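>>> Let me see the structure of the following:
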Amino acid sequence: MLTIYTNNTISVGTTITGYYVVQEQHGTKVRAWHNNGYPLPRDFGQEIAMPRQRYTLSSVSGKAEFERDFLEIWNSKNI
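Numbering: from 1, shown residues only. Purely as a prediction, here's the structure:
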C-alpha cells in the first residue's frame, strides 16, 4: 500500500521511502528528500524516472496508476 502524505512524501506500507511527489508544469516528478537525516531505504538517485510524464493524483484512477508504477519501480530493486 502506498501513501502520499500532505507534505507530498511517499510511504510504502510502514516504510518512509525518502522520496516525495510534486506536480510541475512539465509533469509529475518524484524526487529524493532529506529523509529526516536517515539513509534512503532504496536509493534510486535524486529523481525517479516514472513511466508516464503526468499522473492525475487528485483522481482515484490517476492515483492508482501512480501507485502501480511507483510500486513496480520500488519492488524492482533488491535491498
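>>> going forward, measure contacts between C-alpha atoms and count neighbours the same way
Noted.
>>> Count the neighbours of Arg54 for me.
Using other Cα atoms under 10 Å, Arg54 has 16 neighbouring residues.
>>> how near is it to Ala64?
As judged by Cα to Cα, to the nearest Å, Arg54 and Ala64 stand 13 Å apart.
>>> Show the pLDDT at the residue of the chain positioned farthest from its centre.
Most distant from the centre of the chain: Gly37, at 18.2 Å, with distances by Cα atoms, centre = their mean. Looking at Gly37, its pLDDT is 84.
>>> residue contacts, it?
For Gly37, the contact set (Cα atoms under 8 Å, 6 or more residues apart in numbering) is empty.
>>> Distance check, it against Glu67.
Separation of Gly37 from Glu67 (Cα to Cα) stands at 25 Å.
>>> now do Ser61
Counting by Cα to Cα, the gap from Ser61 to Glu67 is 10 Å.
>>> in the protein, what spans have low per-residue confidence?
By pLDDT under 70, the weakly predicted segments of the chain are 77-79.
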